[in-house]
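**Q** Sequence first, predicted coordinates after that:
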Amino acid sequence: MTRILMVCLGNICRSPLAEGILKSKVDSSFIFVDSAGTGNYHIGGLPDKRSINVAKKYAIDITDQRCRQFSVQDFDNFDVIYVMDNSNRRDVLALARNQQDKDKVKMILNELFPDENVDVPDPYTGGLHGFEQVFEMLNKACTIITQNMTQ
C-alpha cells in the first residue's frame, strides 16, 4: 500500500482539502491518504468550515478529518509527504533524520509546475474565493498525482 501525507501549517485549510481530493480519486485499498499540520494550533479540531463547504460543493466530505501535528514518525509511516508551501517544506525538512526522510518531501504544486516550488496560497485570512482557488489548484495537482501512480 502506498501511503501519502498532505501537510500545511494548521491542518485546517489546504491539507484537509488535498487529503479529501486525493482520497476521492484513488482506491483506498491500495492508497492511504492523511494530512497534518506543522503547527499545533488546531489539534483534534475539524477542518475550517470554508474548506468543508468547498469540498462539499464537489461532493467530497472532509468532516471525518481531525487536525493533527506532523511528527518525526510520519517519515516512517508515509512514502510521500506533500507540503503546501516553502515554509511547510522548511519545517518538515528540519525534522528529517536523514536523506531518506528528505527524499520523501515534495512540493505539491511541483506536480503542476515542475521544480518551480510554487506555494499553494493559504486562504485562511481571505474569503471563500480563496478556498475555491485552492481547491482548483489542489484538484489539478491530485489529478496528476493519480495519473503518475497508474503509469
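**A** Happy to help now that I have it.

**Q** just checking, what packs against the lengthiest helix in the chain?
**A** The longest helix of the chain (DSSP state H) is helix 128-149. Applying 3 or more Cβ pairs under 8 Å, 6 or more residues apart in numbering; DSSP states H and E, one finds that helix 128-149 makes contact with helix 14-25, helix 49-57. Yep, even glycine has a C-beta here, placed from its N, CA and C like the rest.

**Q** Need the mean per-residue confidence for the longest one.
**A** Mean pLDDT, helix 14-25: 98.

**Q** pLDDT weak spots in this structure?
**A** Within the chain, no stretch has pLDDT under 70.

**Q** what number of residues lie near the residue nearest to K102 when sequence neighbours are not counted?
**A** In this structure, K102 finds its nearest non-sequential neighbour in A96, 4.6 Å apart by Cβ to Cβ, 6 or more residues apart in numbering. A96 has 16 neighbours, counted by other Cβ atoms under 10 Å.

**Q** shouldn't A96 be in contact with V83?
**A** No. Between A96 and V83 no contact is recorded; they are 11.9 Å apart, counting by Cβ atoms under 8 Å.

**Q** mind checking the end-to-end distance for stretch 109-119?
**A** Start and end residues of stretch 109-119 are separated by 7 Å (Cα to Cα, to the nearest Å).

**Q** Name the residues that touch the longest helix of the chain?
**A** Outside helix 128-149, the residues that touch it by Cβ atoms under 8 Å, 6 or more residues apart in numbering are 2, 4, 13-14, 17-18, 21-22, 25-26, 31, 48, 50-51, 53-55, 58, 82, 108-109, 111-112, 120-121, 123.

**Q** Look up the closest residue to V7, ignoring the ones flanking it.
**A** V83 (4.8 Å).

**Q** Please check which residues sit opposite that neighbour as beta-bridge partners.
**A** V7, M107 (DSSP bridges).

**Q** Many thanks, have a good one.
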